[in-house]
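K.L.:
Sharing a sequence plus its predicted fold:
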Amino acid sequence: MHEALERAELVIVQDAYRNTETAAYADVFLPAAGWGEKEGTMTNSERRVSRVRAAVRPPGEALPDWRIAVEFSKKLSLPGKKSDLLSYEKPEDIFNEHRETTRGRDLDITGLSYALLDERGPQQWPFPENAREGKKRLYEDGVFPTPSGRARFVPTPHRAVAEEVDAGYPLRLTTGRLRDQWHAMSRTGTIAGLFAHEPEPRVTVHPEDLSRAGINDGDLVQVLSRRGHIYMQAAADPDLMRGLVFIPMHWGARFLGGESRRGVNELTLGALDPSSQQPELKHCAVRMERARLPWRLVAFGDSRDALSLMSGLDPLMRAAPYAVRTLIGRDSPGVRFAIAMEKAPHEEILEKIDTVFGLDAPEAARYDDSRHGRRMLLQGNTVRAVRLSGDTRSEPWLKELWEGAAPVKELRHYLLLPVETPPGLPALRGRTVCNCFNVSEREIDAFLAKSNSMIELQASLKCGTNCGSCLPELRRKVSLAKAFEAVALPLTAAKV
């Protein structure tokens, strides 16, 4: 796909977001209205048709999709040829035309209209003309829309995966989505708080598979298939099956750079299902090695516009074999940028990074020696931006100071020292489990050490009481706490 877009003479992209990977190839970009900015109808998986009304006006030059199509037809039509034009004046015109195409079919909606939907609310199809209501259940009479009236079943014999594991590639890679992200992250990838649960690209692996490969949780690894390789951080996950590794599909070129342009699709294969033509992206054989990239750099900070800061890093996403940029923070979003390579880069690269984060300011504190470099920009008594190179051990506590806008007065003499944790620093919050109420893993574990009741946990911390996406993880934690208590009580009784 990348090669095809590069070769194309003219690439026209219609999207509501300008920062997607595809938009980077656009010769012409047509800004489209988003879901809450346009009118029409929507049909859900229950076959229920709803009226949709715009909540806000589209920004700038953005237009609804149908209006873009109408305007585009005018550009393509021949002079004086009105028959070439799409003549719709409003979304209802398109609905009425579509409605007529369903007449007499199993999805007949000729009885629906904007007026009826406005008056009676969402309705299920089929809803033919003169019907009083839609059909709740299809094919109750056993008659199907086939020439014989009988249902067709396609016997599909089992087919093995296109690529089996072997001694050279002993792990099965599967791909999928993260809890808080969606597809290419064109929308979710603009919200810093949604990165809190999974803050950067990671490959999750069973702990025993990590141990067998001589890799520790958190190490930077190289994942290789017969088609390519990518670098990612390894994460132990005991819930995975042995021999299986998982990489999210979301991390494309906007977030994962270096030698990767396609994220996990650097590894997957293009074998197609013979009926649907769907690529077999969910499985391939891989192996995993510790990355031979000992030199590390991480920089993070904020600006008035975090997305512009992200864009400022575009030229640096190919500066090292491994490069990753993500959003951080919650109420005040910022950007985190990390690279890894065999040895320290030319000073020019470091200077460019400092410039992007404002660390070239005269007031920025600095330390340099033959192996390490550190830059710190304070705003009053809080951290504004940081760059750590060569030794990045201080990142967790410095980033937590930044995220919490915590005062650094008592820690000033540690800011430029490569220390893992300064004395007297409170325990780090760690990963966020509940994004709705900003509840961290440490807070949950501390509560479960006193009580393993899910009801009490939710009443105290509120986690899992809003959207519910963290409930599976909370249930696992509660179950582990109960299992630990069940083992601990007999041991305590035996000692007594």
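P.N.:
Cool, got the structure. Model, not experiment: these values are computed from the prediction. Numbering: from 1, shown residues only.
K.L.:
the helices in this structure, which residues?
P.N.:
2-7, 65-76, 91-101, 114-120, 207-212, 306-312, 347-356, 395-403, 441-448, 454-461, 471-495 (DSSP state H).
K.L.:
got a pLDDT number for the residue found closest to residue 231 once you drop the neighbours it is linked to in the chain?
P.N.:
If the residues on either side of it in the chain are set aside, residue 231 comes closest to residue 322, at 4.0 Å by CB to CB, 6 or more residues apart in numbering. Where C-beta positions appear, they are placed from N, C-alpha and C, glycine not excepted. Residue 322 is assigned 96 on the pLDDT scale.
K.L.:
Who are the contact partners of residue 322?
P.N.:
If you count contacts by CB atoms under 8 Å, 6 or more residues apart in numbering, residue 322 has them with 220, 231, 258-259, 291, 293, 338-341.
K.L.:
Just send the helices of the chain back as CSV, with mean pLDDT and distance to residue 184 too.
P.N.:
Below are those laid out as CSV (pLDDT from 0 to 100; distance: least, CB to CB, whole Å):
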stretch, mean pLDDT, distance to residue 184
helix 2-7, 88, 14
helix 65-76, 89, 18
helix 91-101, 95, 26
helix 114-120, 95, 32
helix 207-212, 94, 29
helix 306-312, 88, 15
helix 347-356, 94, 24
helix 395-403, 91, 26
helix 441-448, 92, 28
helix 454-461, 94, 33
helix 471-495, 76, 24
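K.L.:
of all those, which lies closest to residue 331?
P.N.:
helix 395-403 (9.4 Å; CB to CB).
K.L.:
what sits against the most centrally placed residue in the chain?
P.N.:
Nearest to the centroid of the C-alpha atoms of the chain, with distances taken as CA atoms, centre = their mean, sits residue 181, at 3.4 Å. With contact set as CB under 8 Å, 6+ apart, residue 181 has these partners: 188-189, 194, 198, 248, 250.
K.L.:
and what of residue 259?
P.N.:
229-231, 321-322.
K.L.:
and with 7 Å instead?
P.N.:
residue 321 (CB atoms under 7 Å, 6 or more residues apart in numbering).
K.L.:
Angles on the backbone of it, please.
P.N.:
phi -80, psi 0 (degrees, to the nearest 10).
K.L.:
returning to what we had before: farthest-separated two in the contacts of residue 322?
P.N.:
Once CB to CB is applied, these give 259 and 338 as the farthest pair, at 14.6 Å.
K.L.:
circling back: can you give me the distance of the residue nearest to the centre of the chain to residue 419?
P.N.:
Using CB to CB, to the nearest Å, we find residue 181 at a distance of 33 Å from residue 419.
K.L.:
so what's the nearest residue to residue 136 once chain neighbours are set aside up against?
P.N.:
Leaving aside its chain neighbours, residue 136 sits nearest to residue 124 (6.3 Å; criterion: CB to CB, 6+ apart). Residues in contact with residue 124 (CB under 7 Å, 6+ apart) are 46-48, 134-136.
K.L.:
Surely residue 477 and residue 444 touch.
P.N.:
Yes - counting by CB atoms under 7 Å, residue 477 does reach residue 444; the two are 6.1 Å apart.
K.L.:
neighbour-wise, which of those two wins?
P.N.:
A direct count of neighbours by other CB atoms under 10 Å for residue 477 and residue 444 places residue 444 higher, at 24 against 21.
K.L.:
Kindly provide the distance from residue 436 to residue 471.
P.N.:
11 Å.
K.L.:
Enumerate every residue touching residue 440.
P.N.:
With CB under 7 Å, 6+ apart, residue 440 has these contacts: 429-433.
K.L.:
Quick check: the gap between it and residue 190.
P.N.:
23 Å.
K.L.:
now swap in residue 126 and tell me
P.N.:
39 Å.
K.L.:
Compare neighbour counts for the two and give me the winner.
P.N.:
residue 126 (18 against 15).
K.L.:
what sits against the more buried one?
P.N.:
106-109, 134-135.
K.L.:
Going by distance to residue 59, which of the residues you listed wins?
P.N.:
Among the contacts of residue 126, and counting by CB to CB, the member closest to residue 59 is residue 109, at 32.5 Å.
K.L.:
any weak-confidence spans in this structure?
P.N.:
80-84, 487-496 (pLDDT under 70).
K.L.:
Can you flag the buried ones in the contacts of residue 440?
P.N.:
429, 432-433 (16 or more other CB atoms under 10 Å).
K.L.:
In TSV, list these along with distance to residue 374.
P.N.:
Formatted as TSV, the buried ones among the contacts of residue 440 follow (distance: CB to CB, whole Å):
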residue	distance to residue 374
429	23
432	27
433	31
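K.L.:
What about those, which are in strands?
P.N.:
Secondary structure from DSSP state E places 432-433 of those in strands.
K.L.:
From the buried ones among the contacts of residue 440, pick the one nearest residue 309.
P.N.:
The closest of the buried ones among the contacts of residue 440, once distances to residue 309 are taken by CB to CB, is residue 432, at 21.4 Å.
K.L.:
which ones are touching the closest one?
P.N.:
Residue 432 touches 196-197, 438, 440, counting by CB under 7 Å, 6+ apart.
K.L.:
what comes up buried for stretch 190-206?
P.N.:
192-206.
K.L.:
of all these, which comes closest to residue 360?
P.N.:
residue 192 (23.9 Å).
K.L.:
so how far is residue 375 from residue 351?
P.N.:
Distance from residue 351 to residue 375, by CB to CB: 11 Å.
K.L.:
In terms of packing, which of the two has more residues around it?
P.N.:
Taking other CB under 10 Å, residue 351 and residue 375 do not tie; residue 375 has more neighbours (25 against 12).
K.L.:
Beta-bridge partners for that one, please?
P.N.:
Bridge pairing for residue 375 (DSSP bridges) gives the partners residue 366, residue 387.
K.L.:
pretty sure it is touching residue 353, no?
P.N.:
No - contact criterion CB under 7 Å: residue 375 and residue 353 do not qualify, at 8.9 Å.
K.L.:
So for the two, which residues contact both of them?
P.N.:
Common neighbours of residue 375 and residue 353 (CB under 7 Å, 6+ apart) are residue 387.
K.L.:
Could you report the separation of residue 348 from residue 420?
P.N.:
30 Å.
K.L.:
quick check, nearest of the contacts of residue 124 to residue 285?
P.N.:
residue 46 (39.6 Å).
K.L.:
Mind splitting this protein into its structural domains?
P.N.:
32-124, 165-292, 293-419, 432-495 (automatic domain parsing).
K.L.:
closest one to residue 22 among those?
P.N.:
Comparing the domains of the chain by CB to CB, domain 165-292 comes nearest, at 8.3 Å.
K.L.:
Can I get the buried part of the contacts of residue 126 as one PyMOL selection?
P.N.:
Those of these that count as buried under 16+ other CB under 10 Å are selected in PyMOL with:
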select buried, resi 108+109+134+135
